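>>> Provided below for reference: sequence and predicted model.
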Amino acid sequence: MAAGQIAEHRYEARRLEVQVDRPFAEFRRQYEEAVPAYDRDAFAALVARQAPWSDVLDLMRQRAPHSFLIYWNSGDVQPMMRLAGDAGHCVEYLMGNHTIAERMFRHDPTIMLYAPLRTAITSDDDGTGTRFHIEQPSHAFASFGRDDVTRVGVELDQEVAALLDHLGVPVPAALAG
């Protein structure tokens, strides 16, 4: 693309909402146990010593038993929203696996717009009605028009399905397919 040109890429997003049969706090705890926090120091140590990629893969396998780590979470925004009279709960997350993302990044670094994956856990005002939300990964990654990137996006659908199955919640057919 020449300097000053603008390209527009459209795709259809599919946001999935999964009803969870547990209270918000319980499901949040279970999710955060299954998807542990990214250990910045451990991975930075690999970068500092210029470790081989195989060491990165090994550390990710050790730290992410269900394929994903939490790179960031908002904390429950309910205390701030309560100031406006809202009582519902919401915690947003950036959940991912940089070793999976790398398999797309090598083809197009722009995939980092969608990696890590954005997820949320929400509840109604009374803390019941817990839901898990995610945009289907394969839709976002297919928008790049590259089979090698799309295949990894489909793999991410399956990894999210496996995580939801582990958490004992319904798996949307769109992810399991």
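Cool, the structure landed.

>>> C-alpha from now on. contacts and neighbour counts both.
Fine.

>>> which stretches in the protein count as helices?
24-34, 40-48, 53-63, 78-82, 98-105, 137-142, 147-166, 173-176 (DSSP state H).

>>> could you report the neighbour count for the nearest residue in space to residue 19 that is not next to it in sequence?
What sits nearest to residue 19 in space, not counting adjacent residues and going by Cα to Cα, 6 or more residues apart in numbering, is residue 131, at 4.6 Å. Residues near residue 131, counting by other Cα atoms under 10 Å, number 22.

>>> swap in residue 140?
Close neighbours of residue 140, defined as other Cα under 10 Å, add up to 21.

>>> which of the helices and strands in this protein ranks last by mean pLDDT?
In the chain, no helix or strand scores lower on mean pLDDT, DSSP states H and E than helix 78-82, which sits at a mean of 90.

>>> now find how far off-centre that helix is within its chain.
Distance of helix 78-82 from its chain centroid, counting by Cα atoms, centre = their mean, to the nearest Å, is 24 Å.

>>> do stretch 30-46 as well
Relative to its chain's centre, stretch 30-46 lies at 13 Å (Cα atoms, centre = their mean).

>>> buried ones in it, by neighbour count?
31, 34-38 (16 or more other Cα atoms under 10 Å).

>>> having no further points to raise, I will conclude here.
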